[in-house]
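**Student:** What follows is a predicted protein model with its sequence.
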Number of protein chains: 2
Amino acid sequence: MSTEEKDIRYQLADRLHSTAIHLLRRLRVQDLASGVGPAKLSALSVLVFGGRPLALAELAQAEQVKNPTMSRLVKDMEHDGLLRTRRSPEDARSILISPTELGRKLLLAGKKRRVESLADALKPLSRVELEQLQDSLLLLQEVVRRIQTAS
Amino acid sequence: MSTEEKDIRYQLADRLHSTAIHLLRRLRVQDLASGVGPAKLSALSVLVFGGRPLALAELAQAEQVKNPTMSRLVKDMEHDGLLRTRRSPEDARSILISPTELGRKLLLAGKKRRVESLADALKPLSRVELEQLQDSLLLLQEVVRRIQTAS
DNA sequence: TGAATTAGTTAGCTATGCTAACTATAATGA
DNA sequence: TCATTATAGTTAGCATAGCTAACTAATTCA
């Protein structure tokens, strides 16, 4: 583990952070165009692609957010008809959250808008470059999971 | 430009978005530990590494944020002694914004904390993988610049 | 020199984070 | 058994950071 490698990691970490910030700032425009913010779309996505109803705490953990934060997002989305909740038959303290058909449709439409603008920006890349990005993204997803939240 | 390639771009775009969201959520913890939020640290970073005083609109554009948003961030940071502003001698409507010594120190300390936790998560990667990430990040930075904000 | 433009600010709204304190339910153990 | 403790979620209240609309002050230009 050379000093040089450490330097590479530090510089890479810094640029990853900066790039993530700027990526999301650009995409925020498309997110807001759906009338549903990014946090809600992201949570809805977990429900739609998760394949089973989730408890509030599960959803909060999946989204790396505290329970009260998720509680409010869920309340808003239920009000908007994007998801429904029912009490768990096994534990009456717990709720089971599932997306509605409207929620699925809105998610896919919102995702389409957002993803399209990013996909357009990917157009100039060659097949090789796209595959390189895919590989790197796999690495990066593992890296993100490893970040220690307790400093 | 095959359909398959289009699919790859769409899937990649979607995962890029998701990964960026989760990366920043994890790092938010370290950002908040400095007592200065991520938006302020990012703007301060532009000032510190920019090398010259910037006008408000320049800083807002660099941070991809509207002027009123940056105006408030600058006001807060000036109040906290992280930067100073003076009227431009050339155009009395314009202000020139520079970081203070305190601002530089706080930026470096905050960045250290944040970058360290991300750099730690990069430790298990091999030299080859680090270099692959570096290359991909270059591609990604260009991609981000190409995202059309006007949908 | 009066009108239009430009730089920045202020006011007020929204979305999304947090902690602390609460309610309701479940599990434990004396 | 039933009182205590723990757990799931909610509510209240606060902070950060985005936005637009409407304003002030300075500059440019016809």
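**Tutor:** That came in fine, so what should we check first? Numbering: from 1, shown residues only, chains lettered A, B, ... in the order given.
**Student:** Flag every residue of chain A that's near DNA strand D.
**Tutor:** With Cβ under 7 Å from any atom of the strand as the criterion, chain A meets DNA strand D at residues A:25, A:28, A:55-58, A:67-68, A:71-72, A:74-75, A:85, A:91, A:93-95. The C-beta positions use only the backbone N, C-alpha and C, and glycine is treated the same way.
**Student:** try 6 Å this time
**Tutor:** Selection of chain A residues close to DNA strand D by Cβ under 6 Å from any atom of the strand yields A:55, A:56, A:57, A:67, A:68, A:71, A:72, A:74, A:75, A:93, A:94, A:95.
**Student:** Rebuild those as JSON lines, extending it with neighbour count, distance to DNA strand C and pLDDT.
**Tutor:** Below are the residues of chain A next to DNA strand D laid out as JSON lines (neighbours: other Cβ atoms under 10 Å in any protein chain shown; distance: Cβ to the nearest atom of the strand, whole Å; pLDDT from 0 to 100):
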{"residue": "A:55", "neighbour count": "16", "distance to DNA strand C": "13", "pLDDT": "98"}
{"residue": "A:56", "neighbour count": "18", "distance to DNA strand C": "12", "pLDDT": "98"}
{"residue": "A:57", "neighbour count": "14", "distance to DNA strand C": "12", "pLDDT": "98"}
{"residue": "A:67", "neighbour count": "12", "distance to DNA strand C": "7", "pLDDT": "98"}
{"residue": "A:68", "neighbour count": "10", "distance to DNA strand C": "3", "pLDDT": "98"}
{"residue": "A:71", "neighbour count": "16", "distance to DNA strand C": "8", "pLDDT": "98"}
{"residue": "A:72", "neighbour count": "11", "distance to DNA strand C": "6", "pLDDT": "98"}
{"residue": "A:74", "neighbour count": "22", "distance to DNA strand C": "11", "pLDDT": "98"}
{"residue": "A:75", "neighbour count": "11", "distance to DNA strand C": "11", "pLDDT": "97"}
{"residue": "A:93", "neighbour count": "7", "distance to DNA strand C": "4", "pLDDT": "97"}
{"residue": "A:94", "neighbour count": "13", "distance to DNA strand C": "8", "pLDDT": "97"}
{"residue": "A:95", "neighbour count": "19", "distance to DNA strand C": "11", "pLDDT": "98"}
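**Student:** Show only the entries of those found in strands.
**Tutor:** Counting by DSSP state E, the part of those found in strands is residue A:95.
**Student:** what about the residue lying closest to residue A:139 once chain neighbours are set aside, neighbour count?
**Tutor:** Of all residues beyond its chain neighbours, the one nearest residue A:139 is residue B:129 (5.7 Å), with distances taken as Cβ to Cβ, 6 or more residues apart in numbering or on different chains. For residue B:129, the neighbour count with other Cβ atoms under 10 Å in any protein chain shown is 15.
**Student:** repeat for residue A:20
**Tutor:** 23.
**Student:** Would you quantify the distance from it to chain B?
**Tutor:** Note on residue A:20: its distance to chain B, by Cβ to the nearest Cβ, to the nearest Å, is 4 Å.
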